[in-house]
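Trainee: Starting from these lines, generate the structure:
(2 chains)
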Amino acid sequence: MSTYQEFIQQNEDRDGVRFSWNLWPSSRLEATRLVVPVSCLFTPLKERPDLPPVQYEPVLCSRANCKAVLNPLCQVDFRAKVWACNFCFQRNPFPPSYAGISEVNQPAELMPQFSTIEYIVQRGPQTPLIFLYVVDTCLEEEDLQALKGSLQMSLSLLPPNALVGLITFGRMVQVHELSCEGIAKSYVFRGTKDLTSKQIQEMLGLMKPAATGPQGRPVAPQDAVASCRFLQPVHRVDMNLTDLLGELQRDPWPVPQGKRPLRSTGVALSVAVGLLEGTFPNTGARVMLFVGGPPTQGPGMVVGDELKTPIRSWHDIQKDNARHLKKATKFYEALANRSAANGHCIDIYACALDQTGLLEMKCLSNLTGGHIVMGDSFNTSLFTQTFQGVFSKDFNGDFRMAFGGVLEIKTSRELKVCGAIGPCVSLNSKAPCVSENEMGIGGTNQWKMCSLTPSSTLGIYLEVVNQHNAPIPQGGRGAIQFVTQYQHSNTQKRIRVTTITRNWADAQSQIQHIESSFDQEAAAVLMARLGVFRAESEEGPDVLRWLDRQLIRLCQKFGQYNKEDPTSFRLSESLSLYPQFMFHLRRSPFLQVFNNSPDESSYYRHHFTRQDLTQSLIMIQPILYSYSFHGPPEPVLLDSSSILPDRILLMDTFFQLVIYHGETIAQWQKAGYQEMPEYQNFKQLLKAPQDDANDILETRFPMPRYINTEHGGSQARFLLSKVNPSQTHNNLYAWGQVRIVHPWGRGFMGSLDSEIF
Amino acid sequence: MNVNQHTPMAPPYGQPQPGYGQPGYGQPNYAPLDGGYPAPYAPHNGPASAYHPGIPQQGPARGPPTSGPPPVQAAPQYNQHSSGDIQNGPPPVTQAPPRPPASMQYNQGGVNMSAQQPSFPQHYGPPPTMHQVTNQMTGMHISSGPPTPAGPGYAPPPSSQPPTSSHYGGTPQPSYSQSHPPASSAPSQPPPSSAPAVSQQYYPSSAPPSQQPFNSLPPTSQQRFVSPVQPQQTFPPSSSSSYSGPAPPPTHTSSAPVTQPQQPFLPPQPPFSSAPSGQPPAFTAGPPPPTQGSFPLQAPPPSSQPGSFPPPGPPPSSVASGQYPSSMPPPPQQQPPQSQPPPFHPGPPPPQSQMPPTSIGQSNHQPPGPQGPPSPTGPLQQPPLQQGMPTGYPPQHNGAFGQVRSPQPGYGGPYPGQPNYGAPAPAPQAQKRLDPDAIPSPIQVIEDDKAKTNEPFTTGVRGQAPPLVTTNFQVKDQGNASPRFVRCTAYNMPCTADMAKQSQVPLAAVIKPLATLPPDETPPYVVDHGEGGPIRCNRCKAYMCPYMQFIEGGRRFQCSFCSCVTEVPPHYFQHLDHTGKRVDCYDRPELSLGSYEFLATVDYCKNNKIPQPPAFIFLIDVSYNAVKSGLVSIICQELKSLLDHLPRENPEIDSVIRVGFVTYNKVLHFYNVKASLAQPQMLVVSDVSDMFVPLLDGFLVNVNESRQVIESLLDQIPEMFADTRETETVFGPVIQAGLEALKAADCAGKLFVFHTSLPIAEAPGKLKNREDKKLIGTDKEKSLFQPQAGFYNNLAKECVTQGCCVDLFLFPNQYVDVATLGVVPVSTGGSIYKYTYFQAQSDQERFLNDLRRDIQKPVGFDAVMRVRTSTGIRATDFYGSFFMNNTTDVELAGLDCDKAITVEFKHDDKLSEETGALMQCAVLYTSCSGQRRLRIHNMAVNCCSQLADLYRNCETDTIINFLSKYAFRGVLNNPTKAVRDTLVNQCAQILACYRKNCASPSSAGQLILPECMKLLPVYLNCVLKSDVLLPGADVSLDDRAYLRQLISCMDVAETHVFFYPRLLPLVKLESGALPVAVRDSEERLSKGGVYLLETGLHLFLWVGASVQQELLLNIFGTPSFGQIDSSMTSLPVLENPFSQRLREIIESFRAQRSRYMKLVVVKQEDRAELMFKHFLVEDKSASGGASYVDFLCHMHKEIRQLLS
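Mentor: Presented below is the predicted three-dimensional model:
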């Protein structure tokens, strides 16, 4: 048998699933003693170039509260043409179209290699994708020009039939009508007034009094396409829109000395959401918000327009001094929920040197699956390339985005669903498999993800509900089925079904097996997600304490040590990295707010809770590569000891990409050796990390901040702040910080050296 | 007087035949009278008989005259004068006759009735019907006209009392006595000694004296009396009978009688009527006669009288006659009358007597009719009335009555006028009414004023009334503001509040601060006092003006407003000459002129910032109606060229005014027309509940810079909305939008709103359709004039604060609630234009001309006006288009050259005759170039301790301007009827006060009008009949509200022509001069003629049904009446002098008015003629408005009530 490593890898590649435990303890009690819950990271739309979708409808279990999809785990009676649901054991006849089924003529969904299968279904009218740009005009001229350029460029990236819309805002909010000739027409809203969706639609002239269906059901999308002047096919308004963007002016209202420009982000979003709500409910749509500063007026205001009042800091928040925080957050949450309910996602592209209110606005993206991109300026490659990345295409030439995803989880009886953490909202579906014990977004077995990318990953937390003394069917297997319905970017409706199974193990007798089935990477990420999720609502120290306790309990459970002898502590190979992850996690910006603005924290957390395992790990523990003449590039410990004069270091923290030239290398470079033919090798050495960095830059979304620095350079702080300060002379401050966090300093947790740790 | 006469007449008529004839004079007559008109008379008679007692009462009441008792004395002298009543009393006969007339008509009205009541009621109770009464009244009025003279009569001409007195010492009396007597007599029972007049007359009549009274009564009373007396005696009897009948019954009988009499005695009546109507004439005549006869001098007086009340003099006589006639009907009467007249005439100098008699005679005679003598006299009299008098008397007047121009004019012709009287008389006869020609004629007054004014009017003389607004004259500013800027109701203010209260003459000034001056007059000079700003009094802050007294060698000056002494700033110091005047007095406009401007310093600016140049914002309704009617494209097309003509001070320089554009229906569309754009941008604001301006930069632009974008926009707007189906509109948010835009740009400006329909879309200021004609005439009627919601009031306030003036162009197809929509324009100094059922083809021209003018006219922004006065009076109330936050500052967001503000003054202390009363009107405004300025108008008027001076120096046109504004504001809070009554009352009081205090004693039956106010009744009637106060069935609520608001900011010239339209006969058109207008009555229209009527808002061309072909060819180029296209709005351009001249005239009319008048061709007997007839204001109106004659009678009645 292959190692668990291989098994895990294989499972991830095929199903996009990483479980914390790949053998499941058979009872609730045992499961809780394992500390790390039975859980998984699930990437619903994991790219599967080798998986051609099938063009028919899935076969569902006929039991009303089951509706599981026929899968390879089902027992099939080919003669009777019936199949037994492996979740509820209901026996179902095959539909007529399966008449020809036989052991040698099996449909794809019954083949084991199709544990993940994708159906293309014909449901409802196909609607084009919708992109609604919401653009802040209170920008510096340079920024605005760059942004305009990016937007114009993006038009060419959109599928021709996609609908686009444009809303600009500053002191006022303008909804531009795109279908008119001659005069450019726009509807203007006051930036200080919160309007209901109905008002907005009325004001935009979207209400058709006579044509309202029964119970005011929203107008059919087809009609809407024809009637909505604000969302028009790209191919039709390409020129118009390009011109329009070209003529876009900075917000003309004068900004007095000592004031911030008035920026009505809240109303702009409200209008955008209202517009889509009225015209294209339950259709894939993307609201792309570009902001260059914090909302300063109206609902959703984050900070007043007085420059002398700085935007809230963590300090203010802790002191409950952030005046607008709660109100704004509530406002944006309400918006996000509305938007999510209609299947529209909201992206935030915030480029400013100061904060832009991401803390308050983050839920917009978090709940709807939208992107958040944070940069210093729209006039940077970070933004432009990231923005292009949004429109990247897969091997089929389709956008790497999907809309309106609904993930449903079905479990076998021994398992229940506690919750999920990721870019989703609960659909509040109370199925029998829903646990009362909530972890993350719980209380449901269905979640909505308004926007998905191939890398969008949810953490799914489960609970073993088998009673301690209840027998497990020997050799019995637990099964979980993930059913993901979504709108593909080519507008097809698809359903992806992933059915996985794991063996039950008796924790008492098979603890070794269970321990070896531990996926420490997945577990670290899953625990980190839990921690981050808690951090959103709890005090930072509490979260850390909780994390610590979990770690301690885990080590107690699986560690081998002699009492009172720290040096005797040993962990098995399958757990050996886990404490290290935890160590870096504790120091990470996801849990530490020190030195990070609230916006940055929100930004980091946002990405952390949606990236797949690999990326998440990088975030937890940055990767450090070392380049030298001594050998090929090698990963080195994220430790100050790795910083050597004759090396070039490449650190990838996900958000930053740092190339650090050691002291000697830097001197050489200054001396210009790389230009000399005889030092070609030096030139190559210099180039190697850059090439690697470029590879990363090309694939990473969002684009990391690329930093090229050297020993003693000011930007070296990015590196220095991440490495384990074992030999550092100047990291006392960070230490102190940690100490403050752990005033109760306990045992080994008190020492922060990861090697010792 | 006339009234009296009339009344008498009436009674005579009514009763005369039946009753009179049968009965005898009094009782018998009465009896019959009771039946119809007679009744009135009957009463009179009754009274006569019964009355003696009753009469006395009246007598006393009226006149202290009881003194009359001294009648004896009075009789002769007093009779004529005021004492008349009592005196009359003595001479029963005389009194009787006069009274009857007056009393009769008036009595009916009221007092008389009551006075006489006892007896009368009994007798006549039934007979006197209101109508009758009124008729009589009318008659009375007329006569009254003359009486006035009587009043003056004391002094010869009413106005020129002094003169009269001088001249007339003797004569006047007679005339007075006559006039008075009549009046008094009328009220009181004629016959019995009872009251003055009647009794007198009667008695006289009964006795010789009585007769005398008649003829001579007034005039000769004394002198001629004797002679007349005898004749009179005959009369008396007759008269007494008739008179008593009429007089006593006055009210009842009179009315009835009048009519009756008229009919019966048409001939006589006419005289009577004429007499009555002509009474004035009659009076004049009366006087004249006497004058003639006994007093040439008198003649003048009479003339004066005539002016005011030509009738008076004559009236008596006429009355008598009239009465007689009526009563006379029977032969005897006739005879008497005849005899009377003759007697009178004879009595007095025959010729003269004839003259007077004529008048008298006519009335009398005619009534009596019969008699040849009278008739002859009649003619004479007629002329006298107006023409005759004038001619004959002018000189006299002049001599006697310097003041009395009007009288002169009116009477100028008196002698000749007499004929007039006669003439009028005839007409009346037919109608049983006063002779319209005999009553004061606006045309005559206007023409006389024109004729009199042939040199520039200099403003240097304090208390001098300027020529009428209808007269072309040049003004030379010599220290007081030109009448083009300021016109006062009175140029002699009463010294005390008591006097003012007693007279009830409103003390007001109509100020038109930015009035446009004719090219031959210099616009106000701009004075710059440097950085310190204009020099002002330290205490009251009055600005430097010619009234400031420099003292201490010029180092200080004393404010003539508050007496405070202020240092002269060093830079302004100048030595004084030996008269105490500054040496540089004539170099400085502010020291020598009445009107000038100061440059304001930054202290005078809002927020202490130099103002930004103003902006014009065009807000265009693009709802379905507007688009469909073609309005939108018309506006857009026109704006393209109009934008080149924005107001500017220097034609060489481009206007600095910025422009912005908004269209709207249920939502608003703003346009970004920034010069740098290739295409305009449209910004839609749907959030009308909370209006805001969506853009800043690019909304208000300089026309030249953004010309291309603007033109592109204006081209596209009609296209964009060509297919609109939106019918709902908003209104409140539209103004808010403009206001916000101005706020955002931090400037003042003007909004031009083009709106079509009731704003029913959901938005602030949404209105309900509350058109409910059922409310008209109820106490709730006032609510129709009030705005529906307070929203617009608040909005208006905000607008004013920002200096945002709103001009509203309405194009309604149905009710739009002008009362509410107009709140903001009215409060911001804007204008409302209304084009009901707008059709591009027929209304385009009018609309575009209005628009052009409105955009181009000189205008000031963000203005504050303050009127300062010298100690003793205070500006207490203001009327016009503006807003007031406190009681002194008139805030005008916009002030254009056509807006006038009427300011009312009240006493708060005694004034001194020496210093007069001063007022200074200062208007702080931002000129169209953005310069902050102060325009100052100074006005000084005299103060008088004699009421007569007040009455001699007032201006009826201005009074009417004030009264109309006062009334039109009153309808907001009071039932319309109450407002009408108030107006009538006030006028009655004004006239009664004059009668009581200034006019020479005369019969109560005489209507005596002050010379300067003799047109008050006719104009007031026009006000009362206006659509606002008395709407016809076809007048929409919107029209009323529109007119109401329109008039609130009219100047005197505009109100004048609005209330009394100009009606020109188009017969011979000579270049250079306009044909003399005719009076606004259908009777004046000749079927064979073509007339042009202008009201300032409307322009009609009336074509008679049997018009001469030549005229048709000349005007229309068609020979046939039937081929005239009555839908044409402009006349065909024909190459003949007539057509050319006519078109010139029309153009010149249009040029004179602030609004373009659409030409409407009205063919006689066409349906459209109804509308035209509405403007014939001397006739009865379809909505129930009284005719001039009727109203005059009514007025007389009111006056008599007040006097008794």
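Trainee: Tell me the residues of chain A that contact chain B?
Mentor: Among all residues of chain A, those adjacent to chain B (criterion: Cβ under 8 Å from any Cβ of the partner chain) are A:172, A:174, A:177, A:180, A:182-190, A:193, A:195, A:199, A:202-205, A:247, A:249, A:252-254. (Glycine included, C-beta is placed from N, CA and C.)
Trainee: Can you flag the buried ones in those?
Mentor: A:172, A:174, A:177, A:180, A:183-190, A:193, A:195, A:199, A:202-205, A:247, A:249, A:252-253 (16 or more other Cβ atoms under 10 Å in any protein chain shown).
Trainee: Helices - which of those residues land there?
Mentor: Per DSSP state H, helices hold the following members of these: A:199, A:202-203, A:247.
Trainee: So which residues on chain B come close to chain A?
Mentor: With the criterion set to Cβ under 8 Å from any Cβ, chain B comes near chain A through B:667, B:669-671, B:677-687, B:690, B:692, B:694-698, B:712-713, B:716, B:719-720.
Trainee: What about the residues you listed, which are in helices?
Mentor: Per DSSP H, the residues of chain B next to chain A map to helices at B:712-713, B:716, B:719-720.
Trainee: Between these, identify the one with the most neighbours.
Mentor: Counting neighbours by other Cβ atoms under 10 Å in any protein chain shown, B:Leu713 leads those with 26 neighbours.
Trainee: Not counting sequence-adjacent ones, nearest residue to that residue?
Mentor: B:Pro680 (4.0 Å; Cβ to Cβ, 6 or more residues apart in numbering or on different chains).
Trainee: For the stretch 751-900 of chain B, which residue gets nearest to chain A?
Mentor: Residue nearest to chain A within the stretch 751-900 of chain B: B:Glu762 (8.9 Å; Cβ to the nearest Cβ).
Trainee: Report the backbone C-alpha coordinates of stretch A:647-655 in PDB.
Mentor: C-alpha atoms of stretch A:647-655 as PDB (Å, rounded to 0.1, in the frame of the first residue of the first chain):
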ATOM      1  CA  ARG A 647      23.400  33.600  -0.300                       C
ATOM      2  CA  ILE A 648      20.400  34.900  -2.100                       C
ATOM      3  CA  LEU A 649      17.200  34.200  -0.300                       C
ATOM      4  CA  LEU A 650      13.700  34.000  -1.900                       C
ATOM      5  CA  MET A 651      10.900  34.200   0.600                       C
ATOM      6  CA  ASP A 652       7.300  33.600  -0.400                       C
ATOM      7  CA  THR A 653       4.800  34.600   2.200                       C
ATOM      8  CA  PHE A 654       2.000  34.400  -0.300                       C
ATOM      9  CA  PHE A 655       1.400  38.100   0.000                       C
END
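Trainee: what about that stretch, average pLDDT?
Mentor: For stretch A:647-655, mean pLDDT is 91.
Trainee: repeat for stretch B:1116-1129
Mentor: Stretch B:1116-1129 comes out at a mean pLDDT of 86.
Trainee: just stretch B:1063-1077 next, same as before
Mentor: For stretch B:1063-1077, mean pLDDT rounds to 83.
Trainee: Narrow the residues of chain B next to chain A to just the buried residues.
Mentor: For those, a burial check counting by 16+ other Cβ under 10 Å picks out B:667, B:669-671, B:677, B:679-687, B:692, B:694-698, B:712-713, B:716, B:720.
Trainee: Next, count neighbours for A:Ala528.
Mentor: By the measure other Cβ under 10 Å, the count of residues near A:Ala528 is 27.
Trainee: just to confirm, which helix or strand has it in it?
Mentor: helix A:520-537 (DSSP states H and E).
Trainee: after that helix comes which helix or strand?
Mentor: helix A:540-558.
Trainee: List the buried residues in that next one.
Mentor: A:540, A:543-548, A:550-552, A:554-555, A:558.
Trainee: Which residue lies closest in space to the residue of chain A at minimum distance from chain B, excluding its sequence neighbours?
Mentor: Using Cβ to the nearest Cβ, A:Met203 is the residue of chain A that sits closest to chain B, at 3.0 Å. Spatial nearest neighbour of A:Met203, chain neighbours left out: B:Ser686 (3.0 Å); criterion: Cβ to Cβ, 6+ apart.
Trainee: mind checking which helix or strand of chain A has the lowest mean pLDDT?
Mentor: Lowest by mean pLDDT, DSSP states H and E among the helices and strands of chain A is helix A:732-741, with a mean of 36.
Trainee: Got phi/psi on the nearest residue to B:Gly1185 once chain neighbours are set aside?
Mentor: In this structure, B:Gly1185 finds its nearest non-sequential neighbour in B:Lys1025, 3.2 Å apart by Cβ to Cβ, 6+ apart. Main-chain torsions, B:Lys1025, degrees, to the nearest 10: phi -90, psi 0.
Trainee: B:Lys1025 and chain A, how far apart?
Mentor: Distance, B:Lys1025 to chain A, by Cβ to the nearest Cβ, to the nearest Å: 48 Å.
Trainee: who's in contact with that residue?
Mentor: Each residue near B:Lys1025 by Cβ atoms under 8 Å, 6 or more residues apart in numbering or on different chains is listed here: B:1177, B:1181, B:1183, B:1185-1186.
Trainee: min pLDDT across those, which one?
Mentor: B:Ser1183 (80).
Trainee: So it sits against B:Gly1032, correct?
Mentor: Yes - counting by Cβ atoms under 8 Å, B:Gly1032 is a contact partner of B:Ser1183 at 3.6 Å.
Trainee: ok, back up a step: ok, now which ones touch the residue nearest to A:Met203?
Mentor: Listed by Cβ under 8 Å, 6+ apart, the contact partners of B:Ser686 are A:187, A:189, A:202-205, B:666-668.
Trainee: try A:Asn366
Mentor: Residues near A:Asn366 by Cβ under 8 Å, 6+ apart: A:336, A:423, A:606, A:609.
Trainee: Just to be sure, the third one is in a strand?
Mentor: Spelled out, it's A:His606. No - using DSSP: H, G, I helix; E, B strand; the rest coil, the secondary structure at A:His606 is helix, not a strand.
Trainee: ok, and the closest non-adjacent residue to it?
Mentor: Setting aside the residues directly before and after it, A:His606 is nearest to A:Ile372 in space (Cβ to Cβ, 6+ apart), at 4.8 Å.
Trainee: quick one, phi psi at that neighbour?
Mentor: According to degrees, to the nearest 10, A:Ile372 has phi -120, psi 130.
Trainee: List the contacts of it.
Mentor: Counting by Cβ under 8 Å, 6+ apart, A:Ile372 touches A:347-350, A:358, A:362, A:365, A:602-603, A:606-607.
Trainee: Can you give me the separation between the residue nearest to B:Phe791 when sequence neighbours are not counted and B:Asn794?
Mentor: Excluding the flanking residues, the one nearest B:Phe791 by Cβ to Cβ, 6+ apart is B:Gly765, at 4.8 Å. When distance is defined by Cβ to Cβ, to the nearest Å, B:Gly765 is 10 Å away from B:Asn794.
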